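Student: the following comprises the amino acid sequence and a computationally predicted model.
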Amino acid sequence: MSVQPDDFSTRSEPQSGARADEITEACPSCGTPASEIRAGGSRRIHLCDACGLGFDPEACRREPNPDEAGYYAAAGYDGWMRGSSRRRRDARFRLAWLGSYAPAGVRLLEVGCGHGHFLDEARTAGYRSAGVELAPALAERARRLAGVPVVQGRFEASDLGAAVAEVVCCWRVIEYASSPAPFLARARDVLAPGGLLALETPNAQLRRPAGIIGARAEGPVDLPRLYFNPGSLRIALKAAGFDVIACDTVFEDAFSKRNSDGSERTGSLRRFGRTNLSDPVRGEYVRAIARRA
Ligand SMILES: [Zn+2]
(Lines give C-alpha, C1' and ligand atoms only; values in the text may rest on other atoms or scores of the structure.)
Protein backbone atom coordinates (compact mmCIF):
# COMPACT_ATOMS: atom_id res chain seq x y z
CA MET A 1 0.00 0.00 0.00
CA SER A 2 1.40 3.36 -0.93
CA VAL A 3 0.29 6.95 -1.20
CA GLN A 4 1.33 8.72 -4.36
CA PRO A 5 2.53 12.32 -4.36
CA ASP A 6 -0.52 13.34 -6.35
CA ASP A 7 -2.67 12.26 -3.44
CA PHE A 8 -1.39 15.17 -1.42
CA SER A 9 -3.13 17.77 -3.53
CA THR A 10 -5.39 18.69 -0.62
CA ARG A 11 -2.50 20.20 1.31
CA SER A 12 -3.09 23.85 1.93
CA GLU A 13 0.45 24.68 3.04
CA PRO A 14 3.90 23.45 2.10
CA GLN A 15 5.18 20.76 4.42
CA SER A 16 7.72 22.34 6.73
CA GLY A 17 9.06 19.10 8.18
CA ALA A 18 9.19 18.29 11.85
CA ARG A 19 11.52 20.26 14.07
CA ALA A 20 13.79 18.42 16.46
CA ASP A 21 11.94 19.70 19.52
CA GLU A 22 8.53 18.61 18.26
CA ILE A 23 6.89 15.40 19.35
CA THR A 24 6.11 13.44 16.21
CA GLU A 25 4.32 10.17 15.53
CA ALA A 26 3.95 8.31 12.25
CA CYS A 27 0.59 9.03 10.63
CA PRO A 28 -1.45 5.79 10.75
CA SER A 29 -2.79 6.54 7.29
CA CYS A 30 0.21 7.58 5.18
CA GLY A 31 3.20 7.06 7.50
CA THR A 32 4.47 10.64 7.40
CA PRO A 33 5.79 11.97 10.75
CA ALA A 34 3.04 14.12 12.24
CA SER A 35 3.43 16.76 14.92
CA GLU A 36 1.43 17.11 18.09
CA ILE A 37 -0.99 19.99 18.04
CA ARG A 38 -2.39 21.90 20.96
CA ALA A 39 -5.99 20.84 21.10
CA GLY A 40 -6.71 21.54 24.74
CA GLY A 41 -7.44 19.10 27.50
CA SER A 42 -5.23 16.11 28.20
CA ARG A 43 -5.40 14.52 24.79
CA ARG A 44 -2.39 14.68 22.52
CA ILE A 45 -3.78 14.96 19.01
CA HIS A 46 -1.33 14.77 16.13
CA LEU A 47 -1.96 16.26 12.73
CA CYS A 48 -0.45 14.86 9.53
CA ASP A 49 0.47 17.72 7.22
CA ALA A 50 0.79 15.30 4.33
CA CYS A 51 -2.69 13.73 4.25
CA GLY A 52 -4.61 15.87 6.75
CA LEU A 53 -5.51 13.08 9.17
CA GLY A 54 -5.65 13.86 12.88
CA PHE A 55 -5.03 11.05 15.33
CA ASP A 56 -4.54 10.28 19.00
CA PRO A 57 -1.41 8.07 19.11
CA GLU A 58 -2.05 6.77 22.61
CA ALA A 59 -5.60 5.80 21.76
CA CYS A 60 -4.46 4.23 18.49
CA ARG A 61 -2.18 1.91 20.46
CA ARG A 62 -5.10 0.65 22.53
CA GLU A 63 -7.33 -2.07 21.14
CA PRO A 64 -11.03 -1.21 20.96
CA ASN A 65 -12.63 -2.55 24.10
CA PRO A 66 -15.88 -4.52 23.74
CA ASP A 67 -16.82 -3.63 27.32
CA GLU A 68 -16.45 0.07 26.57
CA ALA A 69 -18.37 -0.35 23.36
CA GLY A 70 -20.92 -2.22 25.46
CA TYR A 71 -21.52 0.95 27.40
CA TYR A 72 -23.68 1.97 24.51
CA ALA A 73 -26.00 -0.85 25.48
CA ALA A 74 -26.19 0.20 29.11
CA ALA A 75 -29.01 2.13 30.68
CA GLY A 76 -27.12 5.43 30.91
CA TYR A 77 -26.46 5.66 27.25
CA ASP A 78 -29.92 4.45 26.42
CA GLY A 79 -31.25 7.54 28.13
CA TRP A 80 -29.26 9.73 25.80
CA MET A 81 -30.16 7.65 22.77
CA ARG A 82 -33.78 7.08 23.75
CA GLY A 83 -36.24 7.21 20.99
CA SER A 84 -35.76 4.77 18.19
CA SER A 85 -37.74 7.14 15.99
CA ARG A 86 -34.67 9.36 15.77
CA ARG A 87 -32.40 6.48 14.86
CA ARG A 88 -34.87 5.27 12.27
CA ARG A 89 -35.07 8.75 10.75
CA ASP A 90 -31.28 8.91 10.59
CA ALA A 91 -31.30 5.48 8.96
CA ARG A 92 -33.82 6.54 6.34
CA PHE A 93 -31.82 9.68 5.57
CA ARG A 94 -28.73 7.54 4.99
CA LEU A 95 -30.68 4.99 2.96
CA ALA A 96 -32.03 7.71 0.68
CA TRP A 97 -28.46 8.83 -0.01
CA LEU A 98 -27.18 5.29 -0.40
CA GLY A 99 -30.07 4.33 -2.65
CA SER A 100 -28.94 6.71 -5.37
CA TYR A 101 -25.76 4.60 -5.69
CA ALA A 102 -26.81 1.09 -4.68
CA PRO A 103 -30.27 -0.29 -5.48
CA ALA A 104 -32.23 -2.40 -3.03
CA GLY A 105 -31.88 -6.13 -3.40
CA VAL A 106 -28.11 -6.29 -3.06
CA ARG A 107 -26.26 -7.74 -0.07
CA LEU A 108 -25.51 -5.04 2.51
CA LEU A 109 -23.16 -5.38 5.49
CA GLU A 110 -23.22 -2.74 8.21
CA VAL A 111 -20.06 -2.47 10.31
CA GLY A 112 -20.75 -1.26 13.84
CA CYS A 113 -24.48 -1.81 13.60
CA GLY A 114 -25.23 -0.84 17.22
CA HIS A 115 -28.85 -1.40 18.17
CA GLY A 116 -29.71 -2.47 14.63
CA HIS A 117 -32.08 0.27 13.55
CA PHE A 118 -30.28 0.93 10.27
CA LEU A 119 -30.17 -2.82 9.54
CA ASP A 120 -33.89 -3.05 10.20
CA GLU A 121 -34.66 -0.09 7.92
CA ALA A 122 -32.33 -1.46 5.25
CA ARG A 123 -33.99 -4.87 5.38
CA THR A 124 -37.40 -3.22 5.13
CA ALA A 125 -36.19 -1.24 2.11
CA GLY A 126 -35.23 -4.49 0.41
CA TYR A 127 -31.50 -4.82 1.06
CA ARG A 128 -30.28 -8.28 2.04
CA SER A 129 -28.76 -7.11 5.29
CA ALA A 130 -26.25 -8.38 7.85
CA GLY A 131 -24.17 -6.67 10.50
CA VAL A 132 -20.95 -6.69 12.51
CA GLU A 133 -20.85 -5.34 16.05
CA LEU A 134 -18.07 -5.28 18.63
CA ALA A 135 -20.23 -5.17 21.76
CA PRO A 136 -21.90 -8.53 22.51
CA ALA A 137 -25.00 -6.97 24.07
CA LEU A 138 -25.57 -4.73 21.08
CA ALA A 139 -24.98 -7.55 18.60
CA GLU A 140 -27.74 -9.53 20.31
CA ARG A 141 -30.07 -6.53 20.31
CA ALA A 142 -29.48 -5.92 16.63
CA ARG A 143 -30.18 -9.58 15.82
CA ARG A 144 -33.47 -9.41 17.65
CA LEU A 145 -34.52 -6.02 16.32
CA ALA A 146 -33.64 -6.48 12.66
CA GLY A 147 -33.96 -10.25 12.43
CA VAL A 148 -30.80 -10.50 10.35
CA PRO A 149 -27.39 -12.15 10.97
CA VAL A 150 -25.02 -10.09 13.13
CA VAL A 151 -21.45 -11.22 13.70
CA GLN A 152 -20.04 -10.17 17.07
CA GLY A 153 -16.40 -9.13 17.04
CA ARG A 154 -13.87 -6.67 15.80
CA PHE A 155 -14.37 -6.02 12.10
CA GLU A 156 -10.68 -6.05 11.19
CA ALA A 157 -10.30 -9.51 12.74
CA SER A 158 -13.67 -10.89 11.69
CA ASP A 159 -13.93 -14.06 9.64
CA LEU A 160 -16.71 -13.04 7.29
CA GLY A 161 -15.31 -14.55 4.12
CA ALA A 162 -14.45 -12.76 0.91
CA ALA A 163 -16.82 -10.93 -1.42
CA VAL A 164 -19.85 -11.43 0.82
CA ALA A 165 -21.51 -8.06 0.15
CA GLU A 166 -22.18 -5.56 -2.63
CA VAL A 167 -22.40 -2.72 -0.11
CA VAL A 168 -20.53 -2.12 3.15
CA CYS A 169 -21.83 0.71 5.36
CA CYS A 170 -20.20 2.21 8.42
CA TRP A 171 -21.84 5.19 10.03
CA ARG A 172 -19.56 7.01 12.51
CA VAL A 173 -17.45 3.94 13.11
CA ILE A 174 -14.12 4.30 11.29
CA GLU A 175 -13.00 7.05 13.68
CA TYR A 176 -12.76 4.38 16.40
CA ALA A 177 -10.44 2.15 14.35
CA SER A 178 -6.80 2.00 15.44
CA SER A 179 -5.66 2.64 11.89
CA PRO A 180 -7.48 3.33 8.63
CA ALA A 181 -5.60 0.81 6.48
CA PRO A 182 -6.56 -2.50 8.17
CA PHE A 183 -10.16 -1.35 8.54
CA LEU A 184 -10.47 -0.32 4.89
CA ALA A 185 -8.59 -3.41 3.72
CA ARG A 186 -11.13 -5.60 5.52
CA ALA A 187 -13.96 -3.63 3.92
CA ARG A 188 -12.36 -4.21 0.54
CA ASP A 189 -12.01 -7.94 1.23
CA VAL A 190 -15.65 -8.46 2.12
CA LEU A 191 -16.86 -6.49 -0.90
CA ALA A 192 -17.55 -8.18 -4.17
CA PRO A 193 -15.60 -6.71 -7.13
CA GLY A 194 -17.15 -3.35 -7.97
CA GLY A 195 -18.89 -3.23 -4.60
CA LEU A 196 -19.48 0.03 -2.75
CA LEU A 197 -18.26 1.28 0.60
CA ALA A 198 -20.42 3.96 2.26
CA LEU A 199 -18.76 5.86 5.09
CA GLU A 200 -19.79 8.61 7.46
CA THR A 201 -17.48 10.11 10.10
CA PRO A 202 -17.25 13.43 11.95
CA ASN A 203 -15.64 16.21 9.96
CA ALA A 204 -12.73 17.18 12.19
CA GLN A 205 -11.93 20.51 10.51
CA LEU A 206 -8.32 19.98 11.38
CA ARG A 207 -7.11 23.43 10.53
CA ARG A 208 -9.00 24.57 13.61
CA PRO A 209 -7.62 22.33 16.37
CA ALA A 210 -10.19 23.35 18.95
CA GLY A 211 -12.85 21.78 16.79
CA ILE A 212 -11.25 18.38 16.93
CA ILE A 213 -12.27 17.40 20.40
CA GLY A 214 -15.34 19.54 20.66
CA ALA A 215 -17.59 16.54 21.03
CA ARG A 216 -16.63 14.87 24.27
CA ALA A 217 -17.80 11.41 25.13
CA GLU A 218 -19.73 10.90 28.32
CA GLY A 219 -18.99 7.94 30.54
CA PRO A 220 -16.43 5.20 29.96
CA VAL A 221 -16.80 5.26 26.21
CA ASP A 222 -13.99 4.82 23.75
CA LEU A 223 -12.97 8.18 22.31
CA PRO A 224 -12.30 8.53 18.61
CA ARG A 225 -8.79 7.64 17.55
CA LEU A 226 -8.91 9.10 14.05
CA TYR A 227 -10.08 12.53 12.88
CA PHE A 228 -10.91 12.81 9.20
CA ASN A 229 -11.84 15.63 6.90
CA PRO A 230 -12.90 15.20 3.26
CA GLY A 231 -9.31 15.37 2.00
CA SER A 232 -7.84 12.84 4.42
CA LEU A 233 -10.73 10.45 3.91
CA ARG A 234 -10.29 10.54 0.14
CA ILE A 235 -6.57 9.83 0.50
CA ALA A 236 -7.14 6.90 2.87
CA LEU A 237 -9.74 5.42 0.52
CA LYS A 238 -7.52 5.71 -2.54
CA ALA A 239 -4.58 4.19 -0.67
CA ALA A 240 -6.78 1.24 0.33
CA GLY A 241 -7.76 0.48 -3.26
CA PHE A 242 -11.03 2.35 -3.63
CA ASP A 243 -12.21 4.75 -6.32
CA VAL A 244 -14.01 7.63 -4.62
CA ILE A 245 -17.33 8.21 -6.39
CA ALA A 246 -18.65 10.93 -4.10
CA CYS A 247 -17.34 12.68 -1.01
CA ASP A 248 -19.00 15.64 0.66
CA THR A 249 -20.15 16.75 4.09
CA VAL A 250 -23.55 16.82 5.66
CA PHE A 251 -24.84 19.21 8.28
CA GLU A 252 -26.00 18.07 11.69
CA ASP A 253 -29.40 19.44 10.71
CA ALA A 254 -29.78 16.54 8.35
CA PHE A 255 -30.07 14.36 11.40
CA SER A 256 -32.87 15.15 13.76
CA LYS A 257 -31.54 17.01 16.75
CA ARG A 258 -32.92 16.69 20.23
CA ASN A 259 -33.33 19.20 23.00
CA SER A 260 -32.10 18.40 26.51
CA ASP A 261 -35.61 17.30 27.50
CA GLY A 262 -35.64 14.80 24.67
CA SER A 263 -38.05 16.67 22.44
CA GLU A 264 -37.26 17.12 18.80
CA ARG A 265 -35.61 20.34 17.73
CA THR A 266 -37.02 21.56 14.49
CA GLY A 267 -36.41 24.43 12.18
CA SER A 268 -32.68 24.72 12.80
CA LEU A 269 -31.90 24.53 9.11
CA ARG A 270 -34.01 27.57 8.42
CA ARG A 271 -32.66 29.36 11.47
CA PHE A 272 -29.11 29.12 10.20
CA GLY A 273 -30.17 30.38 6.81
CA ARG A 274 -29.16 27.24 4.96
CA THR A 275 -31.16 25.62 2.25
CA ASN A 276 -29.02 22.53 1.72
CA LEU A 277 -28.29 19.61 3.99
CA SER A 278 -24.90 18.98 2.41
CA ASP A 279 -21.85 20.98 1.40
CA PRO A 280 -18.48 20.09 -0.17
CA VAL A 281 -16.56 20.79 3.06
CA ARG A 282 -18.47 22.73 5.74
CA GLY A 283 -20.83 20.15 7.23
CA GLU A 284 -20.28 18.44 10.57
CA TYR A 285 -19.96 14.95 9.04
CA VAL A 286 -17.93 13.69 6.12
CA ARG A 287 -19.55 11.03 3.98
CA ALA A 288 -18.15 9.11 1.05
CA ILE A 289 -19.17 6.46 -1.45
CA ALA A 290 -16.24 4.54 -2.85
CA ARG A 291 -16.06 1.62 -5.26
CA ARG A 292 -13.74 -1.32 -4.78
CA ALA A 293 -11.19 -0.74 -7.54
ZN1 LIG B 1 -0.93 11.17 6.84
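Tutor: Done, it's in.
Student: and the contacts of the helix or strand containing residue 59?
Tutor: Take DSSP states H and E as the rule and residue 59 turns out to sit in helix 57-60. Residues from elsewhere that reach helix 57-60 (C-beta atoms under 8 Å, 6 or more residues apart in numbering): 25, 28, 43, 44, 46, 178, 179, 222, 223, 224, 225, 226. All C-beta atoms are positioned from the backbone trio N, CA, C, and that covers glycine.
Student: pull the most distant pair out of the residues you listed.
Tutor: 25 and 222 (19.1 Å; C-beta to C-beta).
Student: kindly provide the distance from residue 160 to the ion.
Tutor: Residue 160 sits 28 Å away from the ion, going by C-beta to the ion, to the nearest Å.
Student: that older thread, which of the contacts of helix 57-60 are buried?
Tutor: Buried subset of the contacts of helix 57-60 (neighbour count, 16 or more other C-beta atoms under 10 Å): 25, 28, 44, 46, 178, 179, 222, 224, 225, 226.
Student: verify the contact between the fourth one and residue 37 for me.
Tutor: The one in question is residue 46. Yes: under the criterion of C-beta atoms under 8 Å, residue 46 makes contact with residue 37 at 6.8 Å.
Student: mind listing what's buried along stretch 243-259?
Tutor: Applying 16+ other C-beta under 10 Å to stretch 243-259 flags 244, 247, 248, 249, 250, 251, 253, 254, 255, 256 as buried.
Student: average pLDDT for that stretch, rounded please.
Tutor: The average pLDDT within stretch 243-259 is 80.
Student: restricted to strands, list the buried residues of stretch 243-259.
Tutor: Judged by DSSP state E, those include 244, 247, 248, 249, 250 as members of strands.
Student: sec struct for residue 187, please.
Tutor: Using DSSP: H, G, I helix; E, B strand; the rest coil, the secondary structure recorded for residue 187 is helix.
Student: all further residue positions should be reported with the first residue as 19.
Tutor: Sure, I'll start numbering at 19, so the last one becomes residue 205.
Student: hmm, back to that, list just the nearest of the buried ones among the contacts of helix 75-78 to residue 137.
Tutor: residue 240 (21.3 Å).
Student: which pLDDT value goes with the closest one?
Tutor: With respect to pLDDT, residue 240 has a value of 63.
Student: next: residue 143.
Tutor: pLDDT recorded at residue 143 is 97.
Student: just residue 310 next, same as before
Tutor: For residue 310, the model assigns a pLDDT of 97.
Student: what's the distance between the residue nearest to it when sequence neighbours are not counted and the ion?
Tutor: Closest residue to residue 310 apart from its sequence neighbours, by C-beta to C-beta, 6 or more residues apart in numbering: residue 209 at 4.5 Å. From residue 209 across to the ion, the span is 24 Å (C-beta to the ion).
Student: residues contacting residue 172?
Tutor: 81, 82, 152.
Student: what comes up buried for the helix holding residue 77?
Tutor: Neighbour-count burial for helix 75-78 flags 75, 77 (criterion: 16+ other C-beta under 10 Å).
Student: how about stretch 69-85?
Tutor: Across stretch 69-85, burial judged by 16+ other C-beta under 10 Å covers 69, 70, 71, 72, 73, 74, 75, 77, 82, 84.
Student: go on, stretch 151-160?
Tutor: 151, 152, 153, 155, 156, 157, 159, 160.
Student: low-confidence stretches in the chain?
Tutor: Where the chain drops to pLDDT under 70, the residues are 19-39, 56-60, 85-101, 224-240, 274-293.
Student: packing partners for the strand ranked longest in it?
Tutor: Secondary structure of the chain per DSSP E: the longest strand is strand 209-220. Under the contact criterion of 3 or more C-beta pairs under 8 Å, 6 or more residues apart in numbering; DSSP states H and E, strand 209-220 touches helix 102-117, strand 183-189, helix 198-208, helix 248-257, strand 260-268, strand 303-310.
Student: following that strand, which helix or strand shows up next?
Tutor: Next along the chain after strand 209-220, taking DSSP H and E as the criterion, comes strand 244-245.
Student: what lines up beside that next one in the sheet?
Tutor: Using DSSP bridges, strand 244-245 pairs in its sheet with strand 72-73 (antiparallel).
Student: which outside residues touch the partner strand?
Tutor: 43, 45-47, 52, 55, 63-66, 222, 224, 230, 243-246, 250.
Student: the ion next: which of the residues you listed are close?
Tutor: Contacts with the ion are made by 45, 47, 66 out of these, judged by C-beta under 5 Å from the ion.
Student: doesn't residue 53 make contact with the first one?
Tutor: Translated: residue 45. No: look at residue 45 against residue 53 with C-beta under 8 Å: they stay out of range, at 10.4 Å.
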